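>>> I would like to see how this sequence folds:
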Amino acid sequence: MSSGFDYDLVIIGAGVGGHGAALHAVNYGLKTAIIEAGDMGGTCVNRGCIPSKALLAASGRVRELRNAHHLKSLGIQIGNVEFDRQAIANHANNLVSKIQGDLTNSLKRLGVDIIRGWGKLAGTQKVTITTDSGEKTITAQNIILSPGSVPFVPPGVEIDGKTVFTSDQGVKLESLPKWIAIIGSGYIGLEFSDIYTALGCEITMIEALDVLMPGFDRDIAKLAERVLITPRDIETKVGIYAKRIIPGSPVVIELADFQTKDDLEVLEVDACLVATGRIPATQNLGLDSVGVELDGRKFIPVNDGMEVLSSGEVVPHLYAIGDANGKMMLAHAASAQGIIAVENILGRDKKADYRSIPAAAFTHPEVSYVGLTETAAQELGLAEGFEIGVSKSYFKGNSKALAENDADGIAKVIYRKDTGEVLGVHIFGLHASDLIHEASAAVAQRQSVKDLAYLVHAHPTLSEVLDEAYKRAIAS
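Numbering: from 1, shown residues only. A predicted model of the protein is given here:
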């Protein structure tokens, strides 16, 4: 593709997004290099999705086996269930090593050059790599920035990595504190509350906004709170923020009212997990060398083709994907964006469709969603002049969920009343993270409930929860 360049494509950052872009690029014959200063696989593989799912799998099994009431209802009796914290932590660490190795080997096998060191732009179509042994500059026809993100630590919060820590340290499960505060009730806070309570810890969950699970659809959040929070050893404080957190034994947390900023109380706990979201790792990338300024939240501005923008204009041969552009901070979104960037490099006009990208929290049971919340759909309807419809179905009416004796859950479909187009689907219940993909495909193809209601689902399966919701939509 290129002449006079070292590479057709250089990717800075070997997380899930960079990896996906590299695989797609070599598939189409582009000579590709990927630069990584830290761990191959980035946040998802090393400090996010992968180790947390391993911990959720193990702790979920402990919760299941200790739920004597549930097992008895199935005719099963089990004696004392014990676990080994270190062995559970090892399960997560071993999985990280395996997937990190698989990811690295897949790049090597396909002929992607892996360059270890800190990569930054050194002008148009140039990248400088700094290593312990010095600095070198390479040239590329096109460059993709995929530097990822880091946990956000609010002002006044001091992290020591042991008693006060973020998810980066939390996935190592180095201890099980008797009483742990979790700051934030988003998906990271929820997943860790699931892990810790299953393994016998008490939790105080502190949410600055006035509702728990603020990013989730309200119907889903209300039911999830009833199942995931209320019956467990979790005390909640909403509309309250941690003004100051001091590590130590005990950890001292000064709480204040989020609206008035008035001091409220001081908590003393054994440990504190700060789960207040993530911010882009966009410093020291050499963006100034090509005249690019970060936006107000430190994200790299891009269009829907992942091309980097400077004052609204496309910067030639430069793309940014994943958490660093702030469009949708999910590993699979980064991977999808990597493929879109490569498609555009190849001259094929490809754009991101964020509405059809699903998301999930891997609690027990799970939460998943795709598309718009009811509130967002109503706003769109007002702006574009259409009415929305909402259809709900419940796991309590699903034969498979009843057979499992695990029937807490709901599926909610939001659609246009005029065309029937599915705008959003939200599921809370058994295997919600798997069920959502049928809805994701429907949103991607802009399908109508009028057609979806006539699809045939295997019986008895959990997928019939969605089938029922679609049928109820056309009956209403």
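
>>> Every contact and neighbour count from this point should use C-alpha atoms.
Will do.

>>> Same question for stretch 135-143: list its buried residues.
By neighbour count with 16 or more other Cα atoms under 10 Å, stretch 135-143 contains the buried residues Ile138, Thr139, Ala140, Gln141, Asn142, Ile143.

>>> Correct me if wrong: the first one contacts Asp6.
Yes: the pair Ile138 / Asp6 is scored as a contact, 6.3 Å apart, by Cα atoms under 8 Å.

>>> could you point out which element follows the host helix or strand of Gly17?
Per DSSP states H and E: Gly17 is located in helix 16-27. As assigned by DSSP H and E, the chain's next helix or strand after helix 16-27 is strand 32-36.

>>> What helices and strands are in contact with that next one?
Applying 3 or more Cα pairs under 8 Å, 6 or more residues apart in numbering; DSSP states H and E, we find strand 32-36 packed against strand 7-12, helix 16-27, strand 113-116, strand 118-121.

>>> most neighbours per residue, which of these?
strand 7-12 (a mean of 27; mean count of other Cα atoms under 10 Å).

>>> quick one: strands adjacent to it?
strand 32-36 (parallel), strand 134-145 (parallel) (DSSP bridges).

>>> In CSV, list the C-alpha atoms belonging to stretch 71-89.
The C-alpha coordinates for stretch 71-89 follow below in CSV (Å, rounded to 0.1, in the frame of the first residue of the first chain):
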residue,chain,number,x,y,z
LEU,A,71,-30.6,-25.6,46.5
LYS,A,72,-33.2,-27.2,48.9
SER,A,73,-36.0,-26.0,46.5
LEU,A,74,-34.2,-28.1,43.8
GLY,A,75,-33.9,-31.1,46.1
ILE,A,76,-30.2,-30.6,46.8
GLN,A,77,-28.4,-30.5,50.2
ILE,A,78,-24.8,-29.5,50.5
GLY,A,79,-22.6,-29.3,53.6
ASN,A,80,-20.2,-26.6,54.6
VAL,A,81,-18.8,-24.7,51.5
GLU,A,82,-15.3,-23.4,51.9
PHE,A,83,-13.1,-21.4,49.5
ASP,A,84,-9.4,-20.4,49.2
ARG,A,85,-9.0,-16.7,48.5
GLN,A,86,-5.5,-17.1,47.1
ALA,A,87,-6.7,-20.0,44.8
ILE,A,88,-9.5,-17.8,43.5
ALA,A,89,-7.0,-14.9,42.9
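
>>> For the strand or helix carrying Ile474, what does the pLDDT average out to?
Here Ile474 sits within helix 464-475, counting by DSSP H and E. Taken as a whole, helix 464-475 has a mean pLDDT of 97.

>>> and for that helix, what are the contacting residues?
For helix 464-475, contacts defined as Cα atoms under 8 Å, 6 or more residues apart in numbering pick out 389-395, 398, 410-413, 449-450, 452-458.

>>> Likewise for stretch 78-92?
With contact meaning Cα under 8 Å, 6+ apart, stretch 78-92 is reached by 50-52, 54-55, 58, 62, 65-66, 68, 171-176.

>>> can you give me the angle the helix holding Gly17 makes with strand 7-12?
170 degrees (axes from the mean of the first three to the mean of the last three Cα atoms, to 10 degrees).

>>> Just give me how far helix 16-27 sits from the chain centre.
19 Å (Cα atoms, centre = their mean, to the nearest Å).

>>> and if you look at stretch 169-180?
Between the centre of stretch 169-180 and the centre of its chain there are 21 Å (Cα atoms, centre = their mean).

>>> same deal with stretch 236-245?
Using Cα atoms, centre = their mean, the offset of stretch 236-245 from its chain centre is 23 Å.

>>> again, but for stretch 379-387
How far stretch 379-387 lies from its chain's middle: 29 Å, per Cα atoms, centre = their mean.

>>> go on, stretch 136-147?
Averaging C-alpha positions (Cα atoms, centre = their mean) puts stretch 136-147 26 Å from its chain's average.

>>> a markdown table for the helices and strands packed on strand 32-36, including distance to Thr236?
Output for these, formatted as a markdown table (distance: least, Cα to Cα, whole Å):
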| stretch | distance to Thr236 |
| --- | --- |
| strand 7-12 | 41 |
| helix 16-27 | 34 |
| strand 113-116 | 44 |
| strand 118-121 | 42 |
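
>>> Now render the ones you listed as TSV, adding mean pLDDT and distance to Ala473.
Below are these laid out as TSV (pLDDT from 0 to 100; distance: least, Cα to Cα, whole Å):
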stretch	mean pLDDT	distance to Ala473
strand 7-12	98	45
helix 16-27	98	37
strand 113-116	97	51
strand 118-121	98	52
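
>>> Which among the ones you listed is found nearest to Asp262?
Closest approach to Asp262 among the helices and strands packed on strand 32-36 is made by helix 16-27 (42.3 Å; Cα to Cα).

>>> From the contact counts, what lies against the closest one?
Using 3+ Cα pairs under 8 Å, 6+ apart, helix 16-27 sits against strand 7-12, strand 32-36, helix 42-47, helix 85-109, helix 331-345.

>>> how far off helix 331-345 does that helix point, in degrees?
If you take the same axes, to 10 degrees, helix 16-27 sits at 40 degrees to helix 331-345.

>>> Other residues contacting helix 16-27?
Residues outside helix 16-27 that contact it (Cα under 8 Å, 6+ apart): 9, 11-12, 31-34, 41-42, 44-45, 103, 107, 110-112, 144, 146, 321-322, 331-339, 341-342.

>>> Buried members of these into PyMOL, please.
Entered in PyMOL, the line below selects the buried ones among the contacts of helix 16-27, by 16+ other Cα under 10 Å:
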select buried, resi 9+11+12+31+32+33+34+41+42+44+45+103+107+112+144+146+321+322+331+332+333+334+335+336+337+338+339+341+342
